[in-house]
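> Give me the fold of what follows.
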Amino acid sequence: MKLVTFSHNRRPRVGLVDGDAVVDGLDVPGIPATLIDFLSAGRSATDALTALAASGKQRLGLNEVKLHAPIPRPGKFLGIGLNYADHIAETGREKPQYPTFFSKQSTCVIGHLDAIHRPKVSDKMDYEGELAFVIGKRCRHVAAEDARRVIAGYTIANDVTVRDWQRHSPTWTVGKSFDTAGPLGPWLVTADEIDDPHNLDLKTWVDGDLRQSANTRDMLFNCYEMVAYLTQAMTLEPGDVIATGTPAGVGVTMQPRGYLRPGQTVRIAIEGIGELINPVVDEP
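All right, here's what the predicted structure looks like:
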């Protein structure tokens with residue numbers, strides 16, 4: 001199923017996309033008001049939403065609602081750097097021995113069709129189209145072969161990066177965490193709908209220009225290995241978001257540089273999930 005966080009008449013709630021309609025879970029017993037709480041509730045919430053969808057009740061047109069990021073304020077938003085060989089090659093870096101994780105602050109998150117703000121302090125803002133996964137169960141010390149059971153589903157991320165600020169610190173955190181630098185969406189496709197997250201085509205366009213074209217099979221560390229690595233150190237919780245790295249084709253490696261400019265639109269498509277689209281504007 002495609003789970004969404006959306007609002008209608010300014011009231012946010014959880015729903016399910018069914019064709020061109022949204023099944024509205026507002027005020028339905030057993031369906032929590034946030035997707036983090038929905039994931040934490042487990043099977044009971046899923047069953048309640050499935051039953052509501054089967055009833056044909058509480059439906060809104062997809063064009064009538066405002067989609068938000070599936071997880072508007074994740075407890076953790078982690079990204080992995082240098083996870084595609086072609087991206088490592090274009091940056092001139094060495095292949096990492098271990099997964100290289102960094103944090104994006106949760107205040108950077110925006111949703112589908114929300115505007116990315118080019119900041120007042122830099123004109124070196126870049127895009128990074130990525131597959132992201134969302135944790136569905138509180139977990140620690142998960143083996144890679146068991147990791148599938150703790151992943152709730154998959155979405156699309158744009159790991160927007162302000163390149164000069166990224167270089168201010170070896171942790172990259174500030175350059176990765178500007179407000180609006182974390183588009184996620186348009187929805188969360190549950191893990192049972194994705195046969196193999198490591199065989200999905202990924203493409204990124206800036207306006208009509210195809211900048212990135214890859215397949216998730218080319219990741220150095222796959223989703224399950226990331227879960228296994230992270231849970232050796234920390235507890236992952238429902239709603240935590242992990243972006244899985246970007247392939248070659250980012251703007252900083254182009255000649256001339258392909259940084260984002262106001263008036264442009266970034267579109268990222270991942271097979272089996274959909275499209276995440278965000279316009280670029282100057283920071284208000």
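
> Report back the residue of this protein that's furthest from centre.
S55 (30.4 Å; CA atoms, centre = their mean).

> Please tell me how far it sits from D192.
Distance from S55 to D192, counting by CB to CB, to the nearest Å: 21 Å. Just so you know, the C-beta spots here come from the backbone N, C-alpha and C atoms, and that holds for glycine as well.

> now V17
For V17, the distance to D192 - CB to CB - is 15 Å.

> in the helix-or-strand element of the chain with minimal mean pLDDT, what's buried?
For the chain, scoring each helix and strand by mean pLDDT, DSSP states H and E identifies helix 85-91 as the least confident one, at a mean of 85. For helix 85-91, the neighbour count (16 or more other CB atoms under 10 Å) marks H87, I88, E90 as buried.

> Make JSON lines out of those and add distance to S213.
Formatted as JSON lines, the buried residues of helix 85-91 follow (distance: CB to CB, whole Å):
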{"residue": "H87", "distance to S213": "12"}
{"residue": "I88", "distance to S213": "17"}
{"residue": "E90", "distance to S213": "13"}
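
> just these now: which is nearest T155?
Nearest to T155 among the buried residues of helix 85-91: H87, at 20.3 Å, using CB to CB.

> Assign the closest residue to that closest one other than its chain neighbours to helix, strand or coil.
With sequence-adjacent residues excluded and distances taken as CB to CB, 6 or more residues apart in numbering, H87 is closest to A248, at 4.9 Å. What DSSP: H, G, I helix; E, B strand; the rest coil gives for A248 is coil.

> now swap in P238 and tell me
coil.

> thought it was touching I36?
Yes: at 5.7 Å, P238 and I36 qualify as touching, with contact defined as CB atoms under 8 Å.

> how about the helices in the stretch 101-250 of the chain?
163-166, 173-176, 223-230 (DSSP state H, counting those that start in this stretch).

> Okay, buried residues for the last one please.
So that's helix 223-230. C223, Y224, M226, V227, A228, Y229, L230.

> And for the first one?
The neighbour-count criterion (16+ other CB under 10 Å) identifies R163, W165, Q166 as the buried residues of helix 163-166.

> which residues are in contact with that helix?
V121, S122, K124, M125, D126, W172, V174, G175, K176, F178, V252, Y259 (CB atoms under 8 Å, 6 or more residues apart in numbering).

> what's near enough to touch the fifth one?
Meaning D126. D126 neighbours (CB under 8 Å, 6+ apart): V160, T161, V162, R163, V250, G251, V252, G258, Y259, L260.

> Pretty sure the last one sits against A115.
No: at 11.3 Å, L260 does not count as touching A115 under the criterion of CB under 8 Å.

> Name the residue in these two with the higher neighbour count.
For L260 versus A115, neighbours defined as other CB atoms under 10 Å are more numerous around L260 (20 against 17).

> quick one: the more buried one from L52, how far?
From L260 to L52 the distance is 40 Å (CB to CB).

> Check W187 too.
17 Å.

> When those two are compared, which one has more neighbours?
W187 (29 against 20).

> CA atoms only: put stretch 50-58 into PDB for me.
C-alpha atoms of stretch 50-58 as PDB (Å, rounded to 0.1, in the frame of the first residue of the first chain):
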ATOM      1  CA  THR A  50      -7.200  -1.800   5.000                       C
ATOM      2  CA  ALA A  51     -10.800  -2.400   6.300                       C
ATOM      3  CA  LEU A  52     -11.600   1.300   5.800                       C
ATOM      4  CA  ALA A  53     -10.300   1.100   2.200                       C
ATOM      5  CA  ALA A  54     -12.400  -2.000   1.500                       C
ATOM      6  CA  SER A  55     -15.500  -0.200   2.900                       C
ATOM      7  CA  GLY A  56     -15.300   2.500   0.200                       C
ATOM      8  CA  LYS A  57     -15.900   5.200   2.800                       C
ATOM      9  CA  GLN A  58     -14.000   8.400   3.700                       C
END
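
> in it, what's buried?
Neighbour-count burial for stretch 50-58 flags L52, A53, Q58 (criterion: 16+ other CB under 10 Å).
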